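**Q** Got a predicted structure plus its sequence, pasted below:
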Amino acid sequence: MLVRVAGCGVCHTDLGFFFNGVRTNKNLPLTLGHEISGYVEIAGAGATAWLGKAVLVIASIPCGECDLCRRGKGTICRNQIFLGSDTDGGFASHIKVPARGLCAVDERALNLAGLTLPQVSVVADAVTSPFEAVHQSGLGAGDLAIVNGVGGVGGYCAQIAHAFGAAVVAIDVDQAKLDMIAGYGADLTINARTADGREQKKLIAAFARERGLRSTEWFVFECSGTKAGQENAFGLMVHGSTLGTVGFTMDKAEVRLSNLMALHARALGNWGCLPEKYPLALQLVLSGKVNLKDFVETHPLENINEVFHDIHERRLTRRAILIP
C-alpha cells in the first residue's frame, strides 16, 4: 500500500531516537514517526478494496504468519515492522506499508465525532498502547485504577480506565495536567510534588474506603516513563495488585522485586497493541468515551525541528501532530 499521510503524531519514542541516542533498528538516515493516519492511494494486487479509504497505520506491524502470530501473540512477533525504526516512518508525505498494517477509519463516524483524520493519528500508539495495557490487565467495573503520569499516553490511559468502569486516581508532578484530567475521568488527583509515596498511598486508601472500593487488588499503570515514576508506581502496589508498565525510559529503576512475591502481585508490560484491538480503541474515541480533541494540537510538518525541541523542552502541553 502507498498511504498519503494525513497526520503523524510525535511520540516520546521519536524524541528518544532524536535526542537521547536510542538506536533505531535500521541504520540512519531514517524517517521517524509511527502514529500515522492517511488515505490509501495505491494498492497492490488483491488489496484494491482499500483504495481511497481513510486508515490508521498499525505502529508495529506483525508478520501475521509466524507461530507467535498464529497464537495471538503478534506484539512479540520477531518479524514485526516498527515504523520509524525498522523502516521509514510517517514524518513524510507518503509511506509504504503492507495491507495487514491498516485499520479502517469510518469517516462518517469521524465527522459525527467532530474529529479530523489527522487528529486521530495518535490513536495508533498514544491510545492503543494504554488500551492494550488496560485490556490485558483485566480491569473492570468497580476496580480501582491508579495512573502514574497523566501527560500524553497517561491522559488517555486514565480515560480508558474510566471507560472500562474503574474509579481512577491520577498522579503527576504537573498540576495543570492533573486539573485537565480531572474533567475527563479522574475521580481523585494527587500532586507527587507535595505528596510522597507513603502519603499517596494513604490518600488512595482513604479514597477507596469512601467509595466502597477494595483495599486490595489495585491496578497501577505507570505512564510517566521516568525512573522516579516507575519507583513510585511499584511502591503503590497492595496485595493482589497488577502493575502495568506503559511508559518507557532508558534509566534503571531500583525496586525490591520480592514485593511481587510478598503481595502476590503481578507486573505486566506491553509492546504496543495487537492490530485486532485497534478498532476497539478507535471506537472509544469515536464514541466520545475518550476525549481526543482537547489533548492534541496540529503543526505543519515543515516545522518539525521547532516542534521536536518544544516538546523536548516541555513547552507543549498537548500531543503534537504534524501535517504534511
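**A** That came in fine, so what should we check first?
**Q** Please give the element, helix or strand, for the closest residue to residue 249 other than its chain neighbours.
**A** In this structure, residue 249 finds its nearest non-sequential neighbour in residue 225, 4.9 Å apart by CB to CB, 6 or more residues apart in numbering. For glycine as for every other residue, the C-beta is placed from the backbone atoms N, C-alpha and C. Residue 225 is part of no helix or strand when elements are defined by DSSP states H and E.
**Q** ok, residue 225 to residue 15 distance?
**A** Distance, residue 225 to residue 15, using CB to CB, to the nearest Å: 11 Å.
**Q** Give me the more crowded residue out of those two.
**A** Counted by other CB atoms under 10 Å, residue 225 and residue 15 do not tie: residue 225 has more neighbours, with 22 against 16.
**Q** Residue 289: what secondary structure?
**A** coil (DSSP: H, G, I helix; E, B strand; the rest coil).
**Q** Let me fix that, I meant to ask about residue 7.
**A** Going by three-state DSSP: residue 7 is strand.
**Q** Give me the secondary structure label for residue 254.
**A** Under three-state DSSP, residue 254 comes out as coil.
**Q** contacting residues for it?
**A** residue 231 (CB atoms under 8 Å, 6 or more residues apart in numbering).
**Q** continuing past the helix or strand bottoming out on mean pLDDT in the chain, what's the next helix or strand?
**A** Among the helices and strands of the chain, helix 12-19 carries the lowest confidence by mean pLDDT, DSSP states H and E, at a mean of 92. Once helix 12-19 ends, the next helix or strand along the chain (criterion: DSSP H and E) is strand 35-42.
**Q** ok, residue 147 to residue 217 distance?
**A** For residue 147 relative to residue 217 (CB to CB), the value is 16 Å.
**Q** if you count what's nearby, which of these two comes out ahead?
**A** residue 147 (35 against 16).
**Q** In a helix, the more buried one, correct?
**A** No - read with three-state DSSP, residue 147 is strand and lies in no helix.
**Q** isn't it right next to residue 161, touching?
**A** Yes - shown here, residue 147 and residue 161 form a contact pair, counting by CB atoms under 8 Å, at 6.5 Å.
**Q** Need the residues touching each of the two.
**A** With CB under 8 Å, 6+ apart as the test, residue 147 and residue 161 both reach 168, 221.
**Q** Now for the closest residue in space to residue 118 that isn't next to it in sequence, how many residues are close by?
**A** Leaving aside its sequence neighbours, residue 118 sits nearest to residue 7 (CB to CB, 6+ apart; 2.8 Å). Counted by other CB under 10 Å, the residues lying close to residue 7 total 25.
**Q** Any idea what residue 7 is bridged to?
**A** residue 37 (DSSP bridges).
**Q** which ones are touching it?
**A** 36, 37, 38, 116, 117, 118, 119, 121, 298, 321, 322, 323.
**Q** ranges for the helices of this protein?
**A** Assigned by DSSP state H, the helices in the chain fall at 12-19, 67-70, 107-112, 128-137, 153-163, 175-182, 197-211, 227-235, 258-262, 278-286, 304-312.
**Q** Compare these and give me the one nearest residue 53.
**A** helix 107-112 (8.8 Å; CB to CB).
**Q** Please spell out which residues along that closest one are buried.
**A** Within helix 107-112, the residues that qualify as buried are residue 110, counting by 16 or more other CB atoms under 10 Å.
**Q** Same check on stretch 219-233?
**A** 219-226, 228-230, 232-233.
**Q** can the residues you listed go into a markdown table with extra columns for distance to residue 311?
**A** Shown next, in a markdown table, are the buried residues of stretch 219-233 (distance: CB to CB, whole Å):
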| residue | distance to residue 311 |
| --- | --- |
| 219 | 29 |
| 220 | 26 |
| 221 | 22 |
| 222 | 20 |
| 223 | 16 |
| 224 | 15 |
| 225 | 13 |
| 226 | 15 |
| 228 | 20 |
| 229 | 18 |
| 230 | 21 |
| 232 | 23 |
| 233 | 23 |
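**Q** and these as CSV, adding pLDDT and distance to residue 244?
**A** Output for the buried residues of stretch 219-233, formatted as CSV (pLDDT from 0 to 100; distance: CB to CB, whole Å):
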residue, pLDDT, distance to residue 244
219, 98, 7
220, 98, 7
221, 98, 5
222, 98, 7
223, 97, 9
224, 96, 13
225, 93, 13
226, 95, 16
228, 97, 18
229, 97, 13
230, 98, 12
232, 98, 14
233, 98, 9
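**Q** Give me whichever of the helices of the chain is most buried.
**A** helix 153-163 (a mean of 28; mean count of other CB atoms under 10 Å).
**Q** before we move on, back to that, out of the helices of the chain, which gets nearest to residue 272?
**A** From the helices of the chain, taking CB to CB, the stretch that ends up closest is helix 128-137, at 5.7 Å.
**Q** which strands and helices sit next to the closest one?
**A** helix 153-163, strand 219-222, strand 242-245, strand 266-269, helix 278-286 (3 or more CB pairs under 8 Å, 6 or more residues apart in numbering; DSSP states H and E).
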